[in-house]
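1. What would the 3D arrangement of this be:
(one chain, ligands or ions: 1)
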Amino acid sequence: MIECKQMEKLIPQFLDDDLDNQDLSDFLDHIDSCPECKEELTIQFLVRVGMQRLEDGNTFNLAQELERELTEAKKKMHRRKTLVLISYVLEISVAALFALCILLTIAL
Ligand SMILES: [Zn+2]
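-> Next up, the predicted model:
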């Protein structure tokens, strides 16, 4: 699947927290529905996070941590989307106010 090849490339960026909203959204959707990519993500997560933990001498529950990571990413994406929406609404409001001012200037 072409999509899987693309998603594989996004895994390191996901782990670096380096995806924009659109990519993150596609990535999370795909991970939810594709066991192979989820496994690949798990492996890369293990290599990256797990090895560090082992060096630190900490115990950890990999599956649980990855789930938390994914949940956090979804929350963050949701927050970002809300922010985008808010700034959009604000822009519209400013534009509307501006238009109103012009109308008032002309009318008065
Ligand atoms: Zn896939």
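
2. mind listing what residue 3 touches?
-> 30, 34 (CB atoms under 8 Å, 6 or more residues apart in numbering). In this view, the C-beta of every residue, glycine as well, is placed from N, C-alpha and C.

3. now do 7 Å
-> residue 30 (CB atoms under 7 Å, 6 or more residues apart in numbering).

4. what about the longest helix in the chain?
-> Secondary structure of the chain per DSSP state H: the longest helix is helix 62-107.

5. packing partners for that helix?
-> With contacts defined as 3 or more CB pairs under 7 Å, 6 or more residues apart in numbering; DSSP states H and E, the packing partners of helix 62-107 are helix 21-33.

6. From the contact counts, what lies against the helix it packs on?
-> By 3+ CB pairs under 7 Å, 6+ apart, helix 21-33 packs against helix 2-15, helix 35-45, helix 62-107.

7. Kindly list the single helix or strand of the protein that scores lowest on mean pLDDT.
-> For the chain, counting by mean pLDDT, DSSP states H and E, helix 51-56 ranks last in confidence among helices and strands (a mean of 77).

8. quick one: that helix to chain centroid distance?
-> Remark: helix 51-56 is offset 26 Å from the chain centroid, using CA atoms, centre = their mean, to the nearest Å.

9. now stretch 97-108
-> Put simply, stretch 97-108 sits 41 Å off its chain's centre (CA atoms, centre = their mean).

10. and that stretch, what's its mean pLDDT?
-> Averaged over stretch 97-108, pLDDT sits at 90.

11. Now do the buried residues in that stretch.
-> Residues of stretch 97-108 classed as buried by neighbour count (16 or more other CB atoms under 10 Å): none.

12. Can I get it in CSV, CA atoms only?
-> Extracted in CSV, the C-alpha atoms of stretch 97-108 (Å, rounded to 0.1, in the frame of the first residue of the first chain):
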residue,chain,number,x,y,z
LEU,A,97,-16.1,45.0,12.6
PHE,A,98,-13.9,46.7,9.9
ALA,A,99,-16.7,46.4,7.4
LEU,A,100,-19.2,47.8,9.9
CYS,A,101,-16.9,50.8,10.6
ILE,A,102,-16.6,51.5,6.9
LEU,A,103,-20.4,51.2,6.5
LEU,A,104,-20.9,53.6,9.4
THR,A,105,-18.3,56.1,8.0
ILE,A,106,-20.2,56.1,4.7
ALA,A,107,-23.6,56.3,6.3
LEU,A,108,-22.8,59.1,8.7
